[in-house]
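Novice: I'll drop the sequence and a predicted model, then ask my questions.
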Amino acid sequence: MPKIDSYRCKSCGHVFAEPKLYVSAGAKVETCPFCDGEEIEKFKKIPDEEELRAPGEVLEKGLPDTSPEKIEKNKDKNSKYTEIDKKGRFRHLLRMPKMDQKLLGILLAATLFFLISFMLHNPNAVPSNYSDIISIYNRPEVTARMVPYIDFNFEHPVLSGLLVYLASLTGSMNGYYYVFCFFIYLSVLVSLIVIYRLLKEYKMDVNRIFLFCIATPSFIFFSVYTFDWIGIFLGFLSIYFFMKKRIFISAIFLGLAIATRIIPILFLPVFFLNMKDWRKRILFLSIVAVVWLIPNSYFMVKNFDGWSATYISQFGLGIENSFLIFFFPQVGAGSHYASVLLMLMFTILIIKTKLYKNVLLGCLAFTLAFMISSYKVPPQYALMLLPLLTLVPVVEPPLFYTSEFFNLMITLIFFSSFAGENGFGSASPVQWVNVLRQGIWVIFLIKIFINQKNLINSSKPNIP
């Protein structure tokens, strides 16, 4: 029997007749029409019954005629596929590809470690470790199911506040906790799938997910702690779609990420500098702003003072786990000005060295710069580094796990008698441990600047 030309995607396993084409840097690139992966292979395939039928012949009742004559007849000027052919392609999409065994193992391991985090902070556990999730629930306004920003001031952005309100509607601490954990768990799984796809695409060792993400102390202890994984998930999807040249979708996810956690705004300079067209820059910023405004606008109109208190309150916060405690009073504007100045210096250095040209590297550099210069760096912020360090080979495991050890020790000492009267004060051992943690992060950043040329060329982000 004669064989026909076919293609197979190494990433998702789909078999298809023709690859999708797009032009990058003047060259035509063939990708999988299902997952946009570039790792495709051509092979000879034995045709199935449907592909062998005569032109115009319908195999079964109700099966669309996809003969060449019918396809040619139904072609339109905007697409090389006919309406009938699209239905056939859609039907093929319903056939789920075989599950990647390595990915399945990663997701199962992540579920196991997530369950450990779930149990560590479960309010019914004895002892139950502190988490912001339960601390927020214990506020009278939350247990009374009042609406954040309208009935009371809330220090986190709107989408985080809406999640708190949604979870509180369950009417019990357990229900509230389970709803929170469900959204965090989904965020973790989707983030890991995206990380896995990028590792495969860049031909990197997928075991880095175990080493630099799910088997880390930060993942195990801080996954079920606060809103961080939800913000990471949205921000990382923004990075992913930007690298795939889907700037519209990237802008949507960045707007949602900033509406959940303020910190993903750090990615904006990287995206902005990588877009050479000012029209694209303005469009991108406009989409981010509109998406951010959609969930915020109701509360801005309903109670502007309650809504704006979320952002105004940030300027009243004291120093929390930052080396700045050794130079400034715990509460005061001095540490805030110092943070801004340090971040500005790092930003100039990142732009000067053109680290932003590699999207992942630029986002990692800005995140590290923020976590070194900020006056507020609680241990759970270390979660933001995990996806980026998994994908950017900048540090060795021993140095990475040393930083992870000090990061966890900050929390363990803080909630012990060793912390002293004020765990945030310069006299507390907590802050000396923090100096070691932030010192290692400085080494991370130095290694990035030293190896900038190799790192900039180490991955292949698609720039719009």
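Specialist: All right, it came through fine.

Novice: ok, now which ones touch residue 378?
Specialist: Listed by Cβ atoms under 8 Å, 6 or more residues apart in numbering, the contact partners of residue 378 are 320, 321. From N, CA and C alone the C-beta is placed, and that goes for glycine too.

Novice: now swap in residue 154 and tell me
Specialist: 148, 160, 161, 164, 310.

Novice: any idea which of those is closest to residue 234?
Specialist: Closest approach between the contacts of residue 154 and residue 234, by Cβ to Cβ: residue 160, at 11.2 Å.

Novice: Let me know the pLDDT of the closest one.
Specialist: Note on residue 160: pLDDT of 96.

Novice: Likewise for residue 316?
Specialist: At residue 316, pLDDT is 84.

Novice: same deal with residue 108?
Specialist: Predicted confidence (pLDDT) for residue 108: 96.

Novice: Off-centre distance for the one helix or strand it maps to?
Specialist: Here residue 108 sits within helix 101-120, counting by DSSP states H and E. Taking Cα atoms, centre = their mean, to the nearest Å, one finds the center of helix 101-120 at 18 Å from the center of the full chain.

Novice: same check, this time on stretch 216-234
Specialist: 11 Å.

Novice: what sits against residue 106?
Specialist: 192, 196, 206, 209, 210, 214.

Novice: Grab the nearest non-local neighbour of the first one.
Specialist: Looking back up the chat, that one is residue 192. Among residues not flanking residue 192 along the chain, residue 110 sits closest, at 5.6 Å (Cβ to Cβ, 6 or more residues apart in numbering).

Novice: Next one: that neighbour from residue 302, what distance?
Specialist: In this view, residue 110 and residue 302 are 39 Å apart by Cβ to Cβ, to the nearest Å.

Novice: Could you check which of those two is surrounded by more residues?
Specialist: Using other Cβ atoms under 10 Å as the criterion, residue 110 and residue 302 rank with residue 110 on top: 22 against 12.

Novice: tell me which residues of the helix or strand harbouring residue 300 are tucked away?
Specialist: Per DSSP H and E: residue 300 is located in helix 278-302. For helix 278-302, the neighbour count (16 or more other Cβ atoms under 10 Å) marks 280, 281, 284, 285, 287, 288, 291, 292, 295, 296, 299 as buried.

Novice: ok, so of the residues you listed, who is nearest residue 251?
Specialist: Taking Cβ to Cβ as the measure, residue 251 lies nearest residue 287 of these, at 3.6 Å.

Novice: about what we covered before: wait, the residue nearest to residue 192 sits on residue 188?
Specialist: Yes: the pair residue 110 / residue 188 is scored as a contact, 6.1 Å apart, by Cβ atoms under 8 Å.

Novice: Could you measure from the residue nearest to the spatial centre of the chain over to residue 207?
Specialist: The residue lying closest to the centre of the chain (Cα atoms, centre = their mean) is residue 236, at 2.5 Å. Separation of residue 236 from residue 207 (Cβ to Cβ): 19 Å.
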